[in-house]
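Colleague: sharing a model that was predicted from the sequence below.
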Amino acid sequence: MSTPPAPPAPTPAPPTPPGPPPVGWWHRNRWALVALPLALALVVVASGDRVRSLWWEQGLHRPTSAAPGATVTFHQDLRDGLGGTFPLDVEVRLDGVGDAADLPDGLELPPGSRAVQVDLTLGADPDVVLVGCRLAVRDTAGTRYDYVANAWGAWQATVPCVPEDATGPWPSLGDVDDALSAPDGGSTPRPATWSVSRVVVVPDGVDVTDVVLWWQMPHHVRLEVER
Amino acid sequence: MSATDAAGTPADAPGEQATPDRPAPRRRPPRPRTVSAGAAVLAALAVGHLVVTAFPVSDRVQASFVRPGGVGELVELRYARLTAGEPTGSTVLDTDDGTLLATPGVWLIVPVTVEAVGEPRSLAFAEVLGGDGRTYAVFTGGRSSFLPGTAQPGIPRYATLRVEVPPDAVPGARLRLGLDLKDQRRDDVADIDLGLTQADADAWAGDDTPVVAHAPSDTPPEDS
């Protein structure tokens, strides 16, 4: 009797050759993860394109402030409406804010209001265009009360920040400048420094905390009122 | 001779020569996970497109914030507080400057008090939603107009809206007022029910007594 052949001995599995360690998900997607915050930032910027035109440039958001009685130097590159800009450099000081002792001719205060006089001293080179400025006062709540040249029966200066009879140069209107006559006060040289007093009508009980002067939003001069 | 010719054409470069003995590399078929990810992206885009086009998302996002009110009620808006007074009407309008304007329809006159909020405001948008289903535009000039001027915060501004409408538009008419003449999207708009009836329309259509539209002022009109 012959014995059956012995089964072949199992061969041991060949050893796994050493290789690189397994790569994790975070490592494989590292560049996409780096790009993700950038993409999110781009999404926010792209979808917020109207924030600038509908909000930022429609309000007084960039102040150049001055303490009570201090002189502030203000610079802004103003858009000229023709695709370019022109520089504006001016020094402004708030001399005082108080109840108007003398009302402008014809001014009849509406019920429940009072007249506030704002005294300013300004300085600028005579060739700097300052026409186009706007003036307002604000209260503790930030509510703005504008200077209005033609209202309540009175005619005050159209441009609140320059002498009425010496406004200095007016902004260029392009090719039609030569065909236009000089505006009132535009041909008289403006002095290097001057003072103006303007009357703003505010409701009774308003506590004026600052005076604002601006040409093109959002930049503006903010002059704190001494309290 | 150009610089390219001097340096030899690209085909002459050693690295660019064809190797006919080497077989072209085969492209591996995309893995199932890649296919699934692509399908998921396409499905997300399709769903987004469906949501944007099938539902009025854009209209709702851009819609005005309509603030309802009635005659004599204060309507609070983002930029102003408004109160519409009792409407009057006639076939003849006195524009408060010596001019009388007659109409085959009726003149609808609504006194409006505006109190600005935050900063001086000049309301420029007005329209009447007539009871006949039509919208009657009120321009800043012309026969139908609403010119309140600029209201200083805290100082009420008294203005008058005048609009020329057919008598059928009077019953159930509503007045809409807003800040921007051309664009009321995403902003407050007052929607005031004027409380008018067919009796008002009939009475005004048969009345030729001039009704006065006062000029805007910061002083209340004497007869209001």
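Modeller: Received it, and whenever you're ready, just let me know what you need. Numbering: from 1, shown residues only, chains lettered A, B, ... in the order given.
Colleague: got the residues of chain B near chain A?
Modeller: B:117-120, B:150, B:152-155, B:218-220 (CB under 8 Å from any CB of the partner chain). Glycine gets a C-beta too; all of them are placed from N, C-alpha and C.
Colleague: quick one: buried ones out of the residues you listed?
Modeller: B:119-120, B:152-155, B:218 (16 or more other CB atoms under 10 Å in any protein chain shown).
Colleague: lowest pLDDT pick from the residues you listed?
Modeller: Among these, B:Asp218 has the lowest pLDDT, at 89.
Colleague: quickly find the element holding the nearest residue to that residue once chain neighbours are set aside.
Modeller: Nearest residue to B:Asp218, sequence neighbours excluded (CB to CB, 6 or more residues apart in numbering or on different chains): A:Pro110, at 3.6 Å. Using DSSP states H and E, A:Pro110 sits in no helix or strand.
Colleague: ditto for B:Val61
Modeller: helix B:57-62.
Colleague: for the buried ones among the residues of chain B next to chain A, which one is nearest A:Asp178?
Modeller: Nearest to A:Asp178 out of those is B:Pro120 (CB to CB; 35.9 Å).
Colleague: so how far is stretch A:22-29 from its chain's centroid?
Modeller: 47 Å (CA atoms, centre = their mean, to the nearest Å).
Colleague: same check, this time on stretch B:99-112
Modeller: When C-alpha coordinates are averaged (CA atoms, centre = their mean), stretch B:99-112 and its chain have centres 25 Å apart.
Colleague: before we move on, the earlier item: now the buried ones among the residues of chain B next to chain A in CSV, with secondary structure?
Modeller: Shown next, in CSV, are these (DSSP: H, G, I helix; E, B strand; the rest coil):
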residue, secondary structure
B:Glu119, coil
B:Pro120, coil
B:Gln152, coil
B:Pro153, coil
B:Gly154, coil
B:Ile155, coil
B:Asp218, coil
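Colleague: so where do the helices sit in chain B?
Modeller: Per DSSP state H, chain B carries helices over the ranges B:3-7, B:32-54, B:57-62, B:198-205.
Colleague: make that chain A, sorry
Modeller: Going by DSSP H, chain A shows helices at A:25-28, A:30-47, A:49-54.
Colleague: tell me what the longest one is packed against?
Modeller: Helices and strands touching helix A:30-47, as assessed by 3 or more CB pairs under 8 Å, 6 or more residues apart in numbering or on different chains; DSSP states H and E, are absent.
Colleague: each with direction, which strands does the strand ranked longest in chain A pair with?
Modeller: The residue-count maximum for a strand in chain A (DSSP state E) belongs to strand A:85-99. Paired neighbours of strand A:85-99 in the sheet (DSSP bridges): strand A:71-79 (antiparallel), strand A:113-123 (antiparallel).
Colleague: ok so, going back, now mean pLDDT and mean neighbour count too, for the helices of chain A, in TSV please.
Modeller: Converted to TSV, the helices of chain A look like this (pLDDT from 0 to 100; neighbours: other CB atoms under 10 Å in any protein chain shown):
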stretch	mean pLDDT	mean neighbour count
helix A:25-28	90	9
helix A:30-47	93	10
helix A:49-54	85	10
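Colleague: over to the spatially most central residue of chain B: give its phi and psi.
Modeller: When chain B is reduced to its mean C-alpha position, the nearest residue by CA atoms, centre = their mean turns out to be B:Gln184, at 2.7 Å. Main-chain dihedrals, B:Gln184, degrees, to the nearest 10: phi -110, psi 10.
Colleague: so it makes contact with B:Ala126?
Modeller: No: if you go by CB atoms under 8 Å, B:Gln184 and B:Ala126 don't touch, sitting 10.8 Å apart.
Colleague: what sits in contact with each of these two?
Modeller: Counting by CB atoms under 8 Å, 6 or more residues apart in numbering or on different chains, the shared contacts of B:Gln184 and B:Ala126 are B:Gly178.
Colleague: residues near A:Val206, how many?
Modeller: Residues lying near A:Val206 (other CB atoms under 10 Å in any protein chain shown) number 20.
Colleague: would you mind measuring from it to chain B?
Modeller: As for A:Val206, its distance to chain B is 7 Å (criterion: CB to the nearest CB, to the nearest Å).
Colleague: chain A against chain B: which residues are in contact?
Modeller: A:110-113, A:136, A:142-146, A:148, A:151-152, A:201-203, A:206.
Colleague: what about the strands in the chain?
Modeller: Using chain A. Counting by DSSP E, the strands of chain A are A:62-66, A:71-79, A:85-99, A:113-123, A:134-139, A:144-146, A:150-151, A:154-155, A:193-203, A:208-214, A:219-224.
Colleague: hm, I was asking about chain B
Modeller: B:65-70, B:74-76, B:80-84, B:88-94, B:100-116, B:125-129, B:135-138, B:145-146, B:157-165, B:174-178, B:188-193, B:211-212.
Colleague: for B:Ala201, find the nearest of the ones you listed.
Modeller: strand B:100-116 (6.8 Å).
Colleague: which helices and strands sit right next to that closest one?
Modeller: Strand B:100-116 packs on strand B:80-84, strand B:88-94, strand B:157-165, helix B:198-205, strand B:211-212, going by 3+ CB pairs under 8 Å, 6+ apart.
Colleague: over stretch A:179-189, what's the mean pLDDT, rounded is fine.
Modeller: pLDDT averaged over stretch A:179-189 gives 70.
Colleague: contacting residues for residue 204?
Modeller: The chain I'm using is chain A. Here A:Asp204 is in contact with A:112-114 (CB under 8 Å, 6+ apart).
Colleague: actually it's chain B I care about, not the one you picked
Modeller: B:89-91, B:106-108, B:167, B:170.
Colleague: do B:Ala63 as well
Modeller: B:185-186.
Colleague: quick one: A:Glu31 and A:Thr73, what's the gap?
Modeller: Just so we're on the same page, residue A:31 is Trp rather than Glu. 48 Å (CB to CB, to the nearest Å).
Colleague: if you could redo that for B:Asp59, that was the one I meant.
Modeller: Taking CB to CB, one finds B:Asp59 at 49 Å from A:Thr73.
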